[in-house]
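Visitor: Let's see this in three dimensions:
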Amino acid sequence: MTLSVWAPDGAPEIGAGDDLAAVFLGLVGPDGLADGDVVVVTSKVVAKAEGQVREGDRDQAIADETVRVVARRGPTTIVRTRHGLTLAAAGVDASNVARGHVVLLPGDPDASARALRRRLHELTGRVVGVVVTDTAGRAWREGQTDIAIGAAGLSVLESFAGRTDSHGNPLAVTAPAVADEIAGAAELAQGKLAGRPFAVVRGRSDLVLPVDDDGPGATALVRGDDTDFFGYGAREAVLRALKGDPVEARVFGAPAAAEELAEALETLVRIRPTRDGDVLEITTDDAHVSWVVRVAAYAHGWEVEAAAPGSVRARIRPSRRVP
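Guide: Got it, this is the predicted structure:
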């Protein structure tokens, strides 16, 4: 297999209302696209074309785009945006824009990708995929890479579940996020400071869908709250559990198995809870033990049904206060 990636020079400054498809085709020429290509475009130029440039304070823009803060360390704030993305500074960018202004993310990156795909087909007759990208850091890894925040006409995730490798071993959870891989490959050609917001990736036409099928979009790559192991930073998760603030009482992620919580409680307070259906019961007249039970229950996605500190019996059930 041969994969080629190129990013054209000469892109003009993009403003509200600009036709991105026409701008792109002006850079690559009439023969610059083939069926099965993937056109990659940065979210910043998409946002500019859609009028997502805002005058004012960057911090306020970040706050407005934030659904919840995941973690904060000094000047760095990682948040969950209204798009479902977890990004530093909510994806708000103050670079390559007039002083005193910021660029927000596109309002609906998948819709932006669909619109660009339709326009490219209208102008060229070519059937292509489209990926809208943004830059993101990764837990456990230094540096940043581009990821797909919008996609159209593309299989964004390849599932190998149920297949076997060359040795006959079953592949249970292998699922390459190919839209993210395409975004990262395109960024290598685009560069950060070269003024090349468009790229073409050729060689994976097998991922490009028919013209009447836009696919699931990059939204399909967003991990749901119930399967997210890292919904909060380590510090934030501990503080939330210890505070026990009713305003923040919603648990994050699916409740742990009853046996898992029972083992944790036995380790922490040296008391093995009994089980009654979906409820665990623990008996204590120690206020400190009662408090530890509450914290441990919360950390596991469970909650104490009715027991003040010092209660004789605590009934613990899976929390109904989910995101």
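Visitor: what separates the residue most central in space within the chain from Pro8, distance-wise?
Guide: Note on the chain: the residue nearest the mean C-alpha position is Leu85, at 3.5 Å, using Cα atoms, centre = their mean. Distance check for Leu85 against Pro8: by Cβ to Cβ, to the nearest Å, it reads 27 Å. Every residue, glycine included, has its C-beta placed from N, CA and C.
Visitor: what do you get for Arg202?
Guide: Separation of Arg202 from Pro8 (Cβ to Cβ): 13 Å.
Visitor: Ok, Gly107 next?
Guide: Distance, Gly107 to Pro8, using Cβ to Cβ: 26 Å.
Visitor: ok, the two, which is more surrounded?
Guide: Counting neighbours by other Cβ atoms under 10 Å for Gly107 and for Pro8 shows that Pro8 has the greater number, 18 against 14.
Visitor: Send me the helix or strand hosting Ile316 as PDB with only the CA atoms.
Guide: Taking DSSP states H and E as the definition, Ile316 sits inside strand 313-318. Backbone C-alpha positions of strand 313-318 (Å, rounded to 0.1, in the frame of the first residue of the first chain) are rendered in PDB as follows:
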ATOM      1  CA  ARG A 313     -26.700   0.600  59.000                       C
ATOM      2  CA  ALA A 314     -25.900   2.100  55.600                       C
ATOM      3  CA  ARG A 315     -27.700   0.900  52.500                       C
ATOM      4  CA  ILE A 316     -25.600   1.500  49.400                       C
ATOM      5  CA  ARG A 317     -26.900   1.300  45.800                       C
ATOM      6  CA  PRO A 318     -25.700   2.200  42.300                       C
END
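Visitor: ok, residues contacting it?
Guide: With Cβ atoms under 8 Å, 6 or more residues apart in numbering as the test, strand 313-318 has contacts from 255, 261, 273, 278-284, 290, 293, 297, 301-307.
Visitor: Give the partner strands of it in its sheet and their orientations.
Guide: Paired strands of strand 313-318, with direction, are strand 279-283 (antiparallel), strand 302-304 (antiparallel) (DSSP bridges).
Visitor: Pipe those strands into CSV and attach mean neighbour count and distance to Arg99 per row.
Guide: Compiled in CSV, the strands paired with strand 313-318 are given as follows (neighbours: other Cβ atoms under 10 Å; distance: least, Cβ to Cβ, whole Å):
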stretch, mean neighbour count, distance to Arg99
strand 279-283, 18, 58
strand 302-304, 22, 49
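Visitor: just to revisit the earlier point, so for the nearest residue to the residue nearest to the centre of the chain once chain neighbours are set aside, what's the pLDDT?
Guide: Excluding the flanking residues, the one nearest Leu85 by Cβ to Cβ, 6 or more residues apart in numbering is Ile149, at 6.1 Å. On pLDDT, Ile149 comes in at 98.
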